[in-house]
Structure formats: structure tokens, C-alpha cells
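Enquirer: Build the 3D model from these lines:
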Amino acid sequence: MKTVSQLLQGKGSSVWSVTPDSSVYEALKLMAEKNVGALLVMSDGKLRGILSERDYARKVILLGKSSHDLAVREIMSHKVVCVGPMQKVDECMAVMSNKRIRHLPVLDAGKVIGMLSIGDLVKEVIADQQMTIQQLESYIHS
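Expert: Sure thing, here's the model as predicted:
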């Protein structure tokens, strides 16, 4: 099973972020432009939180608030679960499942080096399983 570092090498390490003072509307616009479901909230080069579509749905839409009038800091998740570059994909999936989250920032020595989504991890697990199946089929046929 690959490590987070190996997965990021193939996926890329692009990370999209907003500041705590950004409007929720600006954040949603960026999410749509980049086709992502979450943004990191950064200030002074440090991770301050994460804003996901789930935060928006539960803290803006359901409460009848306006995304134009709210700052990201008002709805972001402050407690961010992160992983390191040497963690394995299956460990990350366990973290996501246990914490009921869909995005994991990757930190190395306190610096953000990437972000993984549940989709990234599922793709990797499927690829790993397909390789195992092909190897077993090859072994059986030889």
C-alpha cells in the first residue's frame, strides 16, 4: 500500500485555500472553479481550519444565512484532522471513516504539503486491488 507522499507525487500537491476573513461566497466560488469539495483556511502561512461543502450546507443553507454576508471564520471547522507524508493509504481511510470526514490535509514539519480527498484514497485502493487481482490471475494461469 502506498504512502501519502507517494500518492501526492502522482496526484500533485496543489492546495486551494482562503483566509478566515474571506466571504463564504468567495470560498464557494473558488471551490466551484477548482472543482473541489473543501478549502484550507490559512493565515500567516499557518493552517487555521478547513471549509467544506458540508460546513456550508449545515451552517449557512440550513440556518437561512447569506453566504455573501458571512466570513469563512464563522462557519469553518476549527479542529482539523491531518496526516503526515509517511502514513499509508489504508491508515488515512481509517482516519476518515472514524472521524467521519472527507478531506485530509497533509502536513510535513507543520507545513501543508497537500490535501487528500476520500475519492483520492478510494481510487488508490481500487488500483491496488486491481493489481493484486491481475497478479493472482497471472499466477493461476502460469
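
Enquirer: gap between the residue most central in space within the chain and Val112?
Expert: To find the centre residue of the chain, average its C-alpha atoms and take the closest one (CA atoms, centre = their mean): that gives His103, at 2.6 Å. With the distance defined as CB to CB, to the nearest Å, His103 ends up 12 Å from Val112. Backbone N, C-alpha and C define where each C-beta goes, glycine included.

Enquirer: Then Cys92?
Expert: Spatial separation of Cys92 from Val112 under the definition CB to CB is 15 Å.

Enquirer: now swap in Arg54 and tell me
Expert: Between Arg54 and Val112 the computed distance is 20 Å (CB to CB).

Enquirer: More neighbours: which of the two?
Expert: Val112 (19 against 15; other CB atoms under 10 Å).

Enquirer: And that one, which helix or strand is it part of?
Expert: strand 111-117 (DSSP states H and E).

Enquirer: Equivalent analysis for Lys79, please.
Expert: Residue-wise, Lys79 maps onto no helix or strand under DSSP H and E.

Enquirer: burial of it, as a residue count?
Expert: Neighbour count of Lys79, defined by other CB under 10 Å: 7.

Enquirer: residue contacts, it?
Expert: The neighbourhood of Lys79, defined by CB atoms under 8 Å, 6 or more residues apart in numbering, contains no residues.
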